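# below are the sequence and a predicted model; questions follow.
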Amino acid sequence: MSRRNRKYAVPGVNRGMQMFKAEVMRREGYDVDPERPDDVKYEVAKELGIPLEHGENGHLSTESVGQIGGKIGGSMVREMIRLAQQQLVNQERE
């Protein structure tokens with residue numbers, strides 16, 4: 001899995017998204033270095049039995065890589081939905 005340049009819809013949100021990823025994955029029970037939250041993918045891969053290594057991983061199937069990213073991204077999306085629902089509840093109370 002190569003590091004790619006992510007383009008977020010809101011400029012300047014990169015650091016915040018990395019912190020969000022670290023917090024979500026920490027709540028999921030992973031040991032996350034807040035300075036390197038992308039490294040949680042190695043712990044997720046190990047849990048899933050996928051031999052992800054630092055550097056070149058061209059031997060991995062798209063399905064395997066998707067399982068790793070899906071676990072991380074899915075957790076983040078669930079948390080974003082929870083936060084949005086909470087905001088709606090709070091707005092209705094005002």
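Cool, the structure landed. Values in this document were obtained by computation on a predicted structure and should not be read as measured data.

# mind listing residues that contact the lowest-mean-pLDDT helix or strand in the chain?
For the chain, using mean pLDDT, DSSP states H and E, the weakest element among its helices and strands is helix 14-27, scoring a mean of 91. Here helix 14-27 makes contact (C-beta atoms under 8 Å, 6 or more residues apart in numbering) with 6, 8, 32-34, 37-38, 40, 72, 75-76, 79. The C-beta positions use only the backbone N, C-alpha and C, and glycine is treated the same way.

# which of those sits closest to residue 55?
residue 38 (14.0 Å; C-beta to C-beta).

# so what's the most centrally placed residue in the chain up against?
Residue closest to the average C-alpha location in the chain (C-alpha atoms, centre = their mean): residue 72, at 3.8 Å. Shown in contact with residue 72 (C-beta under 8 Å, 6+ apart): 21, 25, 40-41, 44.

# thank you, goodbye.
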